[in-house]
Structure formats: C-alpha cells, structure tokens
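1. Give the three-dimensional model of this entry:
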Amino acid sequence: MPNDVPSHLTETQFLPQGTRFVDVFVADVNGLVRGKRLPASAWPRLAQEGVAFSRSALILDARGGVQGPLGFGTENGDPDGKALPVPGLLAPVPWSAHGVAQCLMSMRDAEGEALWYDPREILRSVVERCRADGLFPVMSCELEFYLVSQGADGRAIAFEARRGGVARAQGGHLCLQQLDDYGPFLHDLHEALLVQGIPADALVSEYGPGQFELNLLHGADPVRVADQAVLQRRATVAVAAKYGLRASFMAKPFVQHAGSGLHVHMSLVDRDGGNRFGAPGGETMLRSAIAGMQALHAESMALFAPSFSAYRRYRPGAFVALGSFWGEDNRAVAFRVPRSGANARRIEHRVSAADASPHLVLAAILAAVHHGVTNRLEPGPAGQAETPPSQLALSRDIFSALRLFEEGCALSAYLPAQFPRLFAELKRAEAETLFAEVQPIEHEFYL
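-> Residues are numbered from 1 along each chain as shown. The predicted structure is shown next:
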C-alpha cells in the first residue's frame with residue numbers, strides 16, 4: 001500500500017483480498033506491540049471511529065504486567081483510549097494462514113488528543129523540534145537477535161542449526177554458512193518484510209550461535225523508521241515461531257555469547273536531501289552532533305538500556321561502548337563515524353540494547369543531536385571504549401540509570417514533563433518484580 005494515504009478513512013479501502021481479521025496494536029514503551037484482533041467486517045467503522053482499549057497498554061512492563069506508574073492503570077481506573085490507524089501501515093500478515101491483516105495504531109484520549117506518554121508522540125515532537133530549526137534527520141536501524149530453543153530445564157538455549165548432522169556450537173561473524181543453515185527461516189522473514197513494505201536491507205550472521213543482524217534502509221521520517229523497527233521485531237518473532245524457534249531480542253540472553261544491540265545510523269540533510277555532514281563545513285555540524293550525544297549519554301542510558309539484562313552487554317572487548325567516546329571507523333566506541341563518501345557521511349550510534357523502544361531511542365538520539373548542534377558544542381577527544389568508565393559517570397545498572405534519567409535536565413527538556421518519573425517508576429517496579437523471584441544461583445550462594 002502507498003505511504004501517502006491521506007486519511008484514516010482511506011485506510012479502510014485497502015484491506016487485502018481474503019482478509020478475515022485485522023490485528024490492531026500500539027507500540028508500547030518497551031517497543032512491544034499490544035492490541036486486539038478484530039473481525040474484518042468491523043474494520044471500516046472502527047478505522048474511522050477508533051478502537052477502544054486500555055490506555056495503560058502503552059505503559060505495561062516487559063512481561064505485559066500492570067505496574068501502575070503514576071497510578072495509571074491502577075488508581076485512575078484504567079480508562080480506555082482511542083486507537084487510530086497510522087496511515088500507510090495497513091498490511092497483510094503473510095505468516096498467518098487465517099486471512100489476517102495488521103495495522104499499527106496511535107493512541108488518543110477520549111477527546112481525540114494524542115497521549116503524551118505514547119512513544120510515537122514523544123518521537124514526533126522531537127522530530128518537529130529538529131525540523132523547526134532546520135535540522136532534517138535521516139535514520140536507519142540495525143537490530144540484532146538470537147534464534148533460541150528451549151532446554152530440558154525450560155531455559156532458553158542458543159539454537160544450533162544442524163547441517164549434515166553437525167551441530168554448530170559457535171557463532172560466526174559474517175559466516176555465510178550460518179546464513180545457509182538458517183536459510184528457509186531467513187528467506188521467509190525477508191519475504192514477509194517486503195510484503196509488509198518494511199525496507200529490509202543486508203542480513204548478517206553475528207558472533208553468537210544463531211545470532212543475526214537485519215538492517216533496514218535509511219528513511220527521512222524517523223517516526224516511520226521506528227515504526228518499521230517495531231514491525232520488524234514482530235515479524236521476526238512470528239516467522240521464527242513457524243519453524244519451532246523463538247526469536248529473542250533480549251539484550252544479553254547468554255553470558256558466554258555476544259549481546260544484541262540496536263544500532264542507529266543518522267545524518268542530517270538539507271531541504272533538498274543533500275547530506276549536510278558531507279557538505280563544505282559539515283564537519284563542524286557532525287562534531288557538534290557527536291558532542292550532543294556525549295552530553296546526553298548518561299541521562300539517556302535508561303532509554304538505551306531499559307532492562308536489568310541490558311547492562312551485562314557493557315564489558316571490555318565486546319564492541320559495546322563503555323563510555324561516551326567517538327571515532328572514525330571504530331566499532332569499539334559509542335559514536336562511530338563510518339568511512340563513506342560525502343553523500344553517506346553519518347554517525348552510527350552503537351549504545352542501545354535490542355530490547356529498547358526504537359521510538360524512545362530515536363527520540364533520545366535526536367534530542368542529543370539538536371542539543372549539540374543548536375548549542376554548537378565541541379566533542380571530547382576520540383578514544384577507545386576501554387578507557388575507564390569511571391571518568392564518565394555512566395550507569396552500570398538499571399537503578400543508577402533511572403536515577404540519572406529522572407534527575408537530568410538536558411534530555412528532560414525534550415520530553416513530556418512527567419515522562420521521566422513515569423518511565424522510572426515503571427522500570428523500577430519491573431525490576432523489583434524480577435528480583436522478587438528466587439534465582440537458581442542464589443541457592444548456590446546462600447542455601
């Protein structure tokens with residue numbers, strides 16, 4: 001379906017032939033989808049009027065539980081919102097054999113106003129602020145994930161594809177054989193993304209066994225770029241299930257193997273689409289954008305690494321940044337400037353974990369870029385991630401990150417006033433729920 005659908009009404013005219021049901025969902029603060037399955041006969045009316053479901057769907061914890069941050073979902077009676085279709089995102093669900101289509105929605109209140117804690121709305125607001133000051137971002141996402149299976153004890157294990165009866169116990173970075181081992185799944189995933197209009201690009205075998213990275217093409221609408229990353233995750237999980245596998249975007253599912261990240265490439269263009277970083281004098285703007293990323297890094301860690309697991313990724317020698325350093329063509333730093341021609345001059349933001357919300361990650365990155373460019377900041381010296389992180393006061397656990405997120409001033413200036421507190425309350429409650437369970441290793445230490 002074309003991306004220039006002019007209204008919600010027009011969306012109703014494009015149900016794929018043979019559609020029996022429509023999955024409607026919002027993208028929550030975890031980057032996960034929450035919603036309903038509707039009969040196709042109800043779609044024309046509900047696409048215009050809106051689909052009612054709980055406003056707290058946007059602020060559930062990662063397991064789908066109601067934690068009630070700021071009393072939302074608990075003390076306020078959990079009122080309904082009104083979900084309206086995002087134009088251009090009605091698409092068939094090719095992995096379903098039951099005639100299902102899907103549509104990403106945006107959540108509104110009873111009066112039709114966008115909810116301030118909707119991640120799409122937060123990103124949209126930051127993008128508008130950038131554009132108002134003549135900054136036009138172009139962005140893309142690279143998501144890493146594992147294919148896992150379930151062990152006898154119920155725990156996830158790294159799935160070892162078998163070819164000719166030989167199990168692959170190790171991963172293989174850029175290993176074409178691993179792509180062949182998982183060929184049917186990867187082919188079906190790529191086809192599903194194309195059918196849904198998600199611009200899939202390169203597919204890479206990563207370091208862990210059954211670990212992959214799927215890149216999306218660059219786009220000039222950061223909100224749509226984040227939408228596509230969310231839809232990519234949904235498609236990956238669903239197609240993997242057809243093969244009896246589980247696709248995991250957990251930041252660090254296995255201590256002994258590489259973690260999974262969400263890398264974001266970004267550049268700034270002029271009104272005609274010309275790359276400003278690669279234009280004469282553009283190096284100054286690029287350096288200021290990096291400086292903004294450095295300045296807001298610590299405050300943003302709770303959005304880049306929103307889970308207890310995510311902080312296990314940050315360790316030396318893992319191509320995961322331990323500090324706020326930058327460098328040319330250096331994968332050991334947080335903010336890498338790949339070697340490229342002038343038209344492709346860009347920054348690769350390498351901090352975020354794969355379990356972060358793409359909308360909130362892109363919002364934090366663009367807030368940092370705007371902050372750095374408009375204030376003409378100058379970055380610190382290029383360096384290595386192995387430089388002692390104590391010099392940079394970055395968080396090493398979710399609780400410290402949430403405290404810095406709540407107390408920070410620079411990033412908060414780009415967010416709804418109550419959002420840092422709401423997000424911090426949600427993630428603290430999520431972590432406390434996690435720690436309320438006795439972990440098996442505790443028996444080894446204390447039983």
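2. Any buried residues in whichever strand in the chain runs longest, and which?
-> Among the elements of the chain assigned as strand by DSSP state E, the one spanning the most residues is strand 136-150. In terms of neighbour count (16 or more other Cβ atoms under 10 Å), strand 136-150 has its buried residues at 136-148. Yep, even glycine has a C-beta here, placed from its N, CA and C like the rest.
3. What is it packed up against?
-> The elements that strand 136-150 packs onto, with contact taken as 3 or more Cβ pairs under 8 Å, 6 or more residues apart in numbering; DSSP states H and E, are helix 119-132, strand 156-158, strand 211-216, helix 222-242, strand 246-248, strand 262-269, helix 358-374.
4. Around Ala344, count how many other residues there are.
-> Ala344 has 14 neighbouring residues, counting by other Cβ atoms under 10 Å.
5. ok, it to Glu437 distance?
-> 47 Å (Cβ to Cβ, to the nearest Å).
6. Now tell me which helix or strand of the chain has the poorest mean pLDDT.
-> One helix or strand of the chain scores below all others by mean pLDDT, DSSP states H and E: strand 166-167, with a mean of 42.
7. Following the chain onward from that one, which element is next?
-> Under the assignment DSSP states H and E, the closest C-terminal helix or strand after strand 166-167 is helix 176-181.
8. For that following helix, list every residue counted as buried.
-> Going by neighbour count (16+ other Cβ under 10 Å), the buried part of helix 176-181 is 178-179, 181.
9. List the residues that contact the residue nearest to the spatial centre of the chain.
-> The residue lying closest to the centre of the chain (Cα atoms, centre = their mean) is Pro358, at 2.6 Å. Contact analysis of Pro358 by Cβ atoms under 8 Å, 6 or more residues apart in numbering lists 27, 31, 141, 225-226, 229-230, 262.
10. Would you format those as CSV with pLDDT included?
-> Converted to CSV, the contacts of Pro358 look like this (pLDDT from 0 to 100):
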residue, pLDDT
Ala27, 97
Gly31, 97
Cys141, 97
Val225, 98
Ala226, 98
Ala229, 98
Val230, 98
Leu262, 97
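11. Which one of these is nearest to Trp326?
-> Ranked by distance to Trp326 (Cβ to Cβ), the contacts of Pro358 are led by Leu262 at 18.1 Å.
12. can you give me the helices in the chain?
-> 8-11, 43-49, 119-132, 176-181, 183-195, 222-242, 282-304, 358-374, 398-407, 419-435, 440-446 (DSSP state H).
13. And the fifth one, what does it pack against?
-> When you say that, I think you mean helix 183-195. Going by 3+ Cβ pairs under 8 Å, 6+ apart, helix 183-195 lies up against strand 200-205, helix 222-242.
14. Quick check: buried residues in that helix?
-> For helix 183-195, the buried set under the neighbour-count rule, 16+ other Cβ under 10 Å, comprises 185-186, 188-190, 192-193.
15. hang on, the earlier thing: the helices and strands packed on helix 183-195: which one's closest to Ser54?
-> helix 222-242 (18.8 Å).
16. thinking again about what came up before, would you reformat the buried residues of helix 176-181 as a markdown table and include pLDDT and distance to Arg131?
-> A markdown table is the format used below for those (pLDDT from 0 to 100; distance: Cβ to Cβ, whole Å):
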| residue | pLDDT | distance to Arg131 |
| --- | --- | --- |
| Gln178 | 77 | 41 |
| Leu179 | 82 | 39 |
| Asp181 | 80 | 44 |
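17. Looking at those, which is nearest Gly278?
-> Leu179 (32.1 Å).
18. which residues pair with the residue lying closest to that closest one once chain neighbours are set aside across the strands?
-> With Cβ to Cβ, 6 or more residues apart in numbering as the criterion, Leu179 has its nearest non-adjacent residue at 5.5 Å, and that residue is Ser205. Assessed by DSSP bridges, Ser205 has beta-bridge partners Phe212.
19. And the strands in the stretch 1-150 of the chain, which stretches?
-> Assignment of strands within the stretch 1-150 of the chain using DSSP state E, counting those that start in this stretch yields the ranges 21-27, 33-39, 51-54, 80-92, 100-108, 136-150.
20. Describe which strands the first one pairs with in its sheet and in which direction.
-> In the sheet, strand 21-27 lines up against strand 33-39 (antiparallel), strand 100-108 (parallel) (DSSP bridges).
21. and what of the fourth one?
-> Paired strands of strand 80-92, with direction, are strand 51-54 (antiparallel), strand 100-108 (antiparallel) (DSSP bridges).
22. Show the average pLDDT along that strand.
-> On average, the pLDDT along strand 80-92 is 94.
23. Quick one: distance of that strand to the chain centre.
-> Taking Cα atoms, centre = their mean, to the nearest Å, one finds the center of strand 80-92 at 19 Å from the center of the full chain.
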